[in-house]
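# Here is a sequence with its predicted model. Questions after.
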Amino acid sequence: MPRGISNGPGPKAPRPSTPAVCTTNYRWEAILLAYEHERKAAEFYAGVAESAQAADVKVMARQFAAEEQEHIGWLEAWLGACGPADAIATEDPDPPMSQE
């Protein structure tokens, strides 16, 4: 059974395009994290399309894989638009709140 699909009771596995833990607030790192998970999701759905027996599942999985590829294209464009300054965090866009 492909990763991310549950066969019975218990906690559901995260969707393949959902990062398990987001540890960044910075644009460059966030785009790279999203890119990694969109790539994993595209691979997952391509694998489902390849291994599925039912024609409707194959069609849907191919559609999902194509959508993930579109997302990858957007992220690649954003990475291309980001400069070296975006790779270095210069300020925290979500600073801690004062408890005063």
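That came through, no problem.
# helices or strands up against the longest helix along the chain?
Ranked by residue count and defined by DSSP state H, the top helix of the chain is helix 55-81. Packed against helix 55-81 by the contact rule (3 or more Cβ pairs under 8 Å, 6 or more residues apart in numbering; DSSP states H and E) you find helix 27-51. The way it works is simple: take the backbone N, C-alpha and C, and place the C-beta from them, glycine included.
# measure A61 to W28 for me?
Computed as Cβ to Cβ, to the nearest Å, the A61 to W28 distance reads 31 Å.
# Flag every buried residue along the longest helix of the chain.
A61, R62, F64, A65, E68, H71, I72, L75, W78 (16 or more other Cβ atoms under 10 Å).
# do stretch 41-48 as well
Judged by neighbour count using 16+ other Cβ under 10 Å, the buried positions of stretch 41-48 are A41, A42, F44, Y45, A46, V48.
# Now render those as TSV, adding distance to L32 and pLDDT.
Putting the buried residues of stretch 41-48 into TSV (distance: Cβ to Cβ, whole Å; pLDDT from 0 to 100) gives the following:
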residue	distance to L32	pLDDT
A41	15	96
A42	16	97
F44	19	97
Y45	21	97
A46	21	97
V48	25	97
